[in-house]
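Q: quick one, structure for this:
(one chain, ligands or ions: 1)
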Amino acid sequence: MTLRRAIVQELESYASAGVTEVRKGRRRAKSSQPSTPAKAAPATIATTTGRAAASPKTTAPPRPAPAATSSAPSASLFDAQAAWANEPLDRGQRVAALEVLQQQVAGCTRCRELADTRTQTVFGVGNPQPRLVFLGEAPGADEDRLGEPFVGRAGQLLTKIIEACTLRREDVYILNVLKCRPPGNRTPTDEEAAHCWPYLEQQLAILRPEFICCLGAVAVRRLLSVTTAVGRLRGQFFTYQGSQVLVTYHPSYLLRNPPAKKDVWEDMKLLMARMGIELGARDKG
Ligand code: URA
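A: Numbers count the residues shown, from 1 in each chain. Below you'll find the predicted structure:
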């Protein structure tokens with residue numbers, strides 16, 4: 001089934017059930033499940049710089065575990081992997097598809113602990129037709145409270161980085177591997193990341209960005225299925241589906257280790273050059 005047809009069918013099924021609009025909201029349904037069978041990331045570890053990739057350790061994260069709760073997954077919204085082979089959606093279709101997916105995420109209870117402790121899910125924000133997506137780890141306390149990714153201290157730093165690239169937050173799309181805050185901001189477990197993967201996979205299939213910037217090890221591990229240190233993966237482009245992927249340090253790491261800011265700036269200059277975005281003369285060197 002094509003992506004378009006699947007979305008139309010999904011929306012028609014809403015209509016026949018009497019749903020006339022899909023709202024953004026903080027609904028906490030009891031038993032929704034991710035809409036596709038969870039799969040490991042189909043990333044290709046291939047550089048596009050012409051030089052060899054730093055041979056990443058190929059220890060892939062464990063395959064997704066079965067759902068923690070018992071009810072069967074709901075019907076697929078669409079096959080995210082097949083979607084990459086189809087025509088991209090137009091802006092309105094993307095907005096509609098993201099809203100449907102956001103409702104599913106809002107009701108997710110796959111990770112019992114996270115579902116019980118979150119204030120709300122944090123889906124993603126930004127341009128539905130982005131050239132560039134920033135992929136982080138998981139919401140923190142501020143994001144959990146406000147429902148938007150990267151709005152706390154690390155988020156303010158990310159915003160500065162985006163603006164230094166002569167872009168605005170609303171030009172790009174920002175999302176996380178996990179849609180729920182892990183208690184105490186602990187690192188997400190592989191099982192949690194696997195539970196959330198179908199949502200991220202579908203988001204990326206809808207957004208179809210030309211570029212993805214992985215912020216930190218959790219994003220790298222999930223998208224590229226490697227455990228290689230971020231420092232060894234920097235400076236080269238990898239491939240995920242149709243997107244070119246660049247790896248850099250997470251803004252939270254920069255808050256703890258400010259000297260690494262210059263490395264991130266080097267990465268951003270590489271990314272902007274590949275995107276054909278001119279930086280001011282002062283910022284080029
Ligand atoms: N760190 C992340 O990885 N994501 C956020 O949204 C905030 C902090």
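Q: quick check: residue 224 touching residue 245?
A: Yes. Using Cβ atoms under 8 Å, residue 224 is in contact with residue 245, at 6.7 Å. (Glycine included, C-beta is placed from N, CA and C.)
Q: neighbour count: those two, which is higher?
A: residue 245 (26 against 23; other Cβ atoms under 10 Å).
Q: I'd like to know how far that one sits from the ligand.
A: 16 Å (Cβ to the nearest ligand atom, to the nearest Å).
Q: tell me the SS of that residue?
A: Using DSSP: H, G, I helix; E, B strand; the rest coil as the criterion, the local structure at residue 245 reads strand.
Q: got a pLDDT number for it?
A: pLDDT for residue 245: 98.
Q: can you name the residues bridging to it?
A: Listed beta-bridge partners, residue 245: residue 212, residue 238 (assigned using DSSP bridges).
Q: quick check: closest non-adjacent residue to residue 218.
A: Among residues not flanking residue 218 along the chain, residue 137 sits closest, at 4.1 Å (Cβ to Cβ, 6 or more residues apart in numbering).
Q: repeat that for residue 144.
A: Per Cβ to Cβ, 6+ apart, closest to residue 144 is residue 181, 3.9 Å.
Q: neighbours around the one you found, how many?
A: Neighbours of residue 181 (other Cβ under 10 Å): 25.
Q: isn't there a helix covering it?
A: No. Residue 181: not assigned to a helix; according to three-state DSSP it is coil.
Q: contacting residues around residue 272?
A: 165-166, 278-279 (Cβ atoms under 8 Å, 6 or more residues apart in numbering).
Q: for beta bridges, what are the partners of the residue in the chain that the ligand sits nearest to?
A: Residue of the chain nearest the ligand, by Cβ to the nearest ligand atom: residue 136 (3.0 Å). In this entry, residue 136 is beta-bridged to residue 176, by DSSP bridges.
Q: that one reaches residue 213, doesn't it?
A: No. Counting by Cβ under 8 Å, residue 136 stays clear of residue 213, with 9.6 Å between them.
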